[in-house]
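Visitor: The sequence and its predicted three-dimensional model are supplied below.
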Amino acid sequence: MSVTAKRKNDPEGLKKRILAGALVTFAEFGLQGARMEQIAEHAQTTKRMVVYHFSNKENLYMAVLEQVYHAIRQHESGLNLDEMSPTEAMARLAEASFDYHISHPDFIRLVCSENLMRGRYISQSSRIKALNQSALEVLDRVLLRGKASGEFDKQANTVDVHRLISSICTHNVANRYTFHTLFGGDETEQQSIARNRRLVVDATLRYLRPV
């Protein structure tokens, strides 16, 4: 059986390719600038098949948003943090989040694009809201253990800790070129990444240190 024939008999594989192509296209051009023809080309299919599976560009954009948030939340849930001490678990969570953002720049570009649209589409998705509760649940379990052991400040708020970690991780990718140009000095990009990776851990643990 030829590759073309296999693809015709693999609708789920085609949908995955369309979603992957859509992520690249939306991250590069935003919802308004992306064209279905570009997405089809990335997916090695036709515009007609993209429309067949997702109806229109807005539906496809929503599906991509849901997929990227599902992926990062699944990544966090698989870290086995319950087997570590609270301090080790928090450091691991911060590092893993930083590494994920570095290795998935299209995720950040898509989120930035959605923010430029003032969250118009993400606010319509109950699935994304439900998915992102898991981020707080994973973090809250670590915080509760750390508060009970005396390692963390008992007043520390779960959303605030999530915001702190997310801010440094997102800034490192979203402001990569401008910040490095303006403030990087003689530091190489790899040195900057390594320093920011340490920063997200240090800043988080210092914030959580009991007063």
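Guide: Right, received. Where do you want to start? Please read these numbers as outputs of a predicted model, since none were measured by experiment.
Visitor: list the buried ones in stretch 204-211?
Guide: 204-205, 208 (16 or more other C-beta atoms under 10 Å). Heads up, the C-betas are built off the backbone N, CA and C, glycines and all.
Visitor: I'd like the distance between Glu37 and Leu143.
Guide: 47 Å (C-beta to C-beta, to the nearest Å).
Visitor: What does the pLDDT read for Ala5?
Guide: According to the per-residue confidence, Ala5 scores 47 in pLDDT.
Visitor: That should have said Asp186, apologies.
Guide: Listed pLDDT for Asp186 reads 89.
Visitor: So that it lines up with my notes, have the first residue be 3 from now on.
Guide: Okay, using 3 as the starting number, the last item reads as Asp188.
Visitor: where does it land in three-state SS?
Guide: Reduced to three states with DSSP: H, G, I helix; E, B strand; the rest coil, the structure at Asp188 is coil.
Visitor: Can you give me every residue that contacts it?
Guide: Shown in contact with Asp188 (C-beta atoms under 8 Å, 6 or more residues apart in numbering): no residues.
Visitor: what do you get for Glu43?
Guide: Contacts of Glu43 were listed using C-beta under 8 Å, 6+ apart, and they are Gly23.
Visitor: Any figure for the gap between it and Gly186?
Guide: Counting by C-beta to C-beta, the gap from Glu43 to Gly186 is 36 Å.
Visitor: same check, this time on Asn134
Guide: Using C-beta to C-beta, one gets 32 Å for the distance from Asn134 to Gly186.
Visitor: can you check Phe154 too?
Guide: To Gly186, Phe154 is 33 Å away according to C-beta to C-beta.
Visitor: Ala176 now?
Guide: According to C-beta to C-beta, Ala176 and Gly186 sit 15 Å apart.
Visitor: So which of these two has more stuff around it?
Guide: Of the pair Ala176 and Gly186, Ala176 is the one with more neighbours under other C-beta atoms under 10 Å, namely 17 against 14.
Visitor: quick one, what contacts the more buried one?
Guide: With contacts defined as C-beta under 8 Å, 6+ apart, the neighbours of Ala176 are 110-111, 114.
Visitor: can you do 10 Å?
Guide: Applying C-beta atoms under 10 Å, 6 or more residues apart in numbering, one finds that Ala176 lies in contact with 103, 107, 110-111, 113-114, 117.
Visitor: hang on, isn't Leu16 packed against Val52?
Guide: Yes: in this structure, Leu16 is within contact of Val52 by C-beta atoms under 10 Å, at 9.2 Å.
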